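Q: The sequence and its predicted three-dimensional model are supplied below.
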Amino acid sequence: MIYLRFITLVCTIISINGFALPRSIDCKIKSSLFMSDPVETTPETSSAESEEDPMGMASMDAETRKAMEKQRRADELRAQEVFMKKSTGKFDCTNCGWVYDETKGDSMMIGGQIKPGTPFAELPSNWRCPVCRASKDSFEEDVIEIPGFEVNQGYGFGTNSMTAGQKSGLIFGGLAFFFLLFLSGYALN
């Protein structure tokens, strides 16, 4: 009994993952130990389905077909999800790790000539890292990914364009506020 269930499970996993089974292996192995066990029948499929899917969609049972359709739909939605990237205004040197912050410039460094508020794109082409003297090309921009569909970022009360940390702060801050409000009710007595 356990052996037959194992074979059935393996055949189901193989057919879900899209492997072609040899015609000699029958995944419909069913052993009825009792006469009261229900007998499962497979629905007949049309010839149009078998022409669309050469992997044998017609030989699959209804549950497997439904699982594969859900997986296809989930993959389709994952492909549509594009994370919005938001610049932090900071650029990291890939050689030494020094961070150029647009709000600070490099005037705090010895020999620094870039004033605070200067965007990285407006730095002169001969500008170099004040620590390791790497060129401007050696810097990578720090970006924050905002989860969700990019087309939905403009909707809502501005919370769709918040980062994950900002959303967590808002949720737990609201919970703390209402908890304190609830406790302040006891102070009225």
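A: Here it is on my side, so go on. Residues are numbered from 1 along each chain as shown.
Q: And the average pLDDT for stretch 131-147 is what?
A: The pLDDT scores in stretch 131-147 average 87.
Q: do the same with stretch 91-110
A: Predicted confidence along stretch 91-110 averages 86 (mean pLDDT).
Q: For it, buried residues please.
A: Judged by neighbour count using 16 or more other CB atoms under 10 Å, the buried positions of stretch 91-110 are 91, 93, 98, 100, 102, 104-106. To be clear about C-beta, it is placed using only N, CA and C from the backbone, and glycine gets the same treatment.
Q: Can you tell me which of the residues you listed end up in strands?
A: Within the buried residues of stretch 91-110, membership in strands is found for 91, 93, 100, as judged by DSSP state E.
Q: and the residue lying closest to residue 106 once chain neighbours are set aside, how many neighbours?
A: Leaving out its chain neighbours, the residue that sits closest to residue 106 by CB to CB, 6 or more residues apart in numbering is residue 112, at 3.8 Å. Around residue 112 sit 12 other residues, with neighbours defined as other CB atoms under 10 Å.
Q: Now do the same contact list for residue 112.
A: 105-106, 130 (CB atoms under 8 Å, 6 or more residues apart in numbering).
Q: For residue 93, see how far away residue 135 is.
A: Distance, residue 135 to residue 93, by CB to CB, to the nearest Å: 10 Å.
Q: same deal with residue 132?
A: 7 Å.
Q: Return the helix or strand in this structure with minimum mean pLDDT.
A: For the chain, scoring each helix and strand by mean pLDDT, DSSP states H and E identifies helix 47-52 as the least confident one, at a mean of 46.
Q: What is the next helix or strand after that helix packed up against?
A: Sequence-wise, the next helix or strand downstream of helix 47-52 (DSSP states H and E) is helix 62-80. Based on contacts counted as 3 or more CB pairs under 8 Å, 6 or more residues apart in numbering; DSSP states H and E, the elements that helix 62-80 packs against are helix 2-16.
Q: and the helix it packs on, average pLDDT?
A: Across helix 2-16, the average pLDDT comes to 62.
Q: Go ahead and name everything in contact with the longest helix anywhere in the chain.
A: The helix of greatest length in the chain, counted in residues with DSSP state H as the criterion, is given as helix 164-187. Residues lying outside helix 164-187 but in contact with it, judged by CB under 8 Å, 6+ apart, are 147, 159, 162.
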